[in-house]
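*Asks:* pasting the structure only:
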C-alpha cells in the first residue's frame with residue numbers, strides 16, 4: 001500500500017491518516033479509486049475557490065484535505081489490486097492541473113485582497129519554475145526514455161555532495177527522500193504561509209526551492225545525455 005520512498009510530510013503526517021482512511025473506505029464503502037480521485041479534485045476545486053475569494057486559511061486547510069484524499073486513491077488502488085497505468089497517468093494529469101489551479105487562484109485571490117502586484121509576479125515566477133522542475137523530474141520520459149526513477153539521480157547527487165551514506169540509509173529505512181520534494185514546496189506555498197497570511201513569502205520560498213532542484217536536475221540530465229552519447233559513440 002505504501003510507496004518505497006516518499007516525501008517527509010507524506011510519510012510522517014499524511015500516511016498515518018491515509019492508511020487508516022484507505023482501510024475504512026475499502027471495508028465499509030463501495031468507493032473506487034476513481035471516485036476517491038474525484039472527491040480529492042472536488043475538494044481541491046473548493047480550496048481554489050477559497051483562495052480566490054481571499055479566504056486563505058480555509059483554502060490552506062481544504063488543500064491539505066484534498067491532498068489527503070489524493071494520497072488515499074493510489075493506496076486504495078494498490079490495496080484492492082486495481083492499479084493500472086492509465087489510472088496512474090490520469091491521476092498524475094489531474095494532480096498537476098490542480099497544482100497549477102491552486103497557484104493561480106492563490107496568486108489572484110491574495111492580489112485582490114492585498115492589491116500588491118508582487119503577488120502576481122511571484123505567482124508567475126513560481127509557475128514557470130514549477131514547469132521547469134517537472135520537466136526535470138520527467139526527464140527519463142522526455143529526454144532519455146524509460147530508465148531510472150525520477151528522484152534517483154537527485155539522491156545520488158546529494159550523496160556525492162557529502163550528506164553521507166548514513167543519512168541515505170536512515171532515509172531509506174524510514175521511506176524518506178533525503179532531499180526536499182515538491183510536496184514540501186506545496187506545503188510551504190499552499191498551506192503554511194497562507195495560514196500565516198503571508199502568501200508572498202510562500203511563493204518566494206517555493207520558487208527558490210524549485211530553482212535549486214531544477215538546476216540540480218538539469219546538471220544531472222546533461223551528464224546523463226553525455227554518458228549516453230559516449231556509449232553510442234563507442235558502439
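*Replies:* Cool, the structure landed. Small disclaimer: the values here were computed from a predicted structure and weren't measured.

*Asks:* Going by C-alpha atoms from here, please, whenever you check contacts or count neighbours.
*Replies:* Noted.

*Asks:* buried ones in stretch 189-201?
*Replies:* 189-195, 197, 199-201 (16 or more other Cα atoms under 10 Å).

*Asks:* ugh, wrong one, I meant stretch 20-28
*Replies:* Counting neighbours by 16+ other Cα under 10 Å, one finds that the buried residues in stretch 20-28 are 21-23, 25-26.

*Asks:* mind listing which of those residues are in helices?
*Replies:* Cross-referencing the buried residues of stretch 20-28 against helices under DSSP state H gives 21-23, 25-26.

*Asks:* What ranges does the chain have for its helices?
*Replies:* Going by DSSP H, the chain shows helices at 8-9, 15-28, 33-52, 56-80, 85-114, 117-137, 139-142, 152-158, 165-173, 182-187, 193-195, 199-234.

*Asks:* for the ones you listed, which one sits closest to residue 2?
*Replies:* Ranking the helices of the chain by proximity to residue 2 (Cα to Cα) places helix 56-80 first, at 6.8 Å.

*Asks:* contacts for that closest one?
*Replies:* The contact list for helix 56-80, computed with Cα atoms under 8 Å, 6 or more residues apart in numbering, reads 1-2, 14-15, 17-19, 21-23, 26, 32-34, 36-37, 39-44, 46-51, 83, 88, 106, 110, 190-192, 194-197.

*Asks:* mind running it again at 7 Å?
*Replies:* Residues from elsewhere that reach helix 56-80 (Cα atoms under 7 Å, 6 or more residues apart in numbering): 1-2, 14, 18, 22, 26, 33, 36-37, 40-41, 43-44, 47-48, 50-51, 83, 190-191, 194-195, 197.

*Asks:* Give me the angle between that helix and helix 15-28.
*Replies:* What separates the directions of helix 56-80 and helix 15-28 is an angle of 60 degrees, with axes from the mean of the first three to the mean of the last three Cα atoms, to 10 degrees.

*Asks:* Check which residues of helix 56-80 are buried.
*Replies:* 56-77, 79.

*Asks:* what's the spacing between it and its chain's center?
*Replies:* Its chain's average C-alpha position is 12 Å from that of helix 56-80, according to Cα atoms, centre = their mean, to the nearest Å.

*Asks:* show me what contacts residue 211?
*Replies:* For residue 211, the contacting residues are residue 129, taking Cα under 7 Å, 6+ apart as the criterion.

*Asks:* Next one: it from residue 127, what distance?
*Replies:* Note on residue 211: its distance to residue 127, by Cα to Cα, to the nearest Å, is 11 Å.

*Asks:* likewise residue 173?
*Replies:* Summarising the geometry, the distance separating residue 173 from residue 127, computed by Cα to Cα, is 33 Å.
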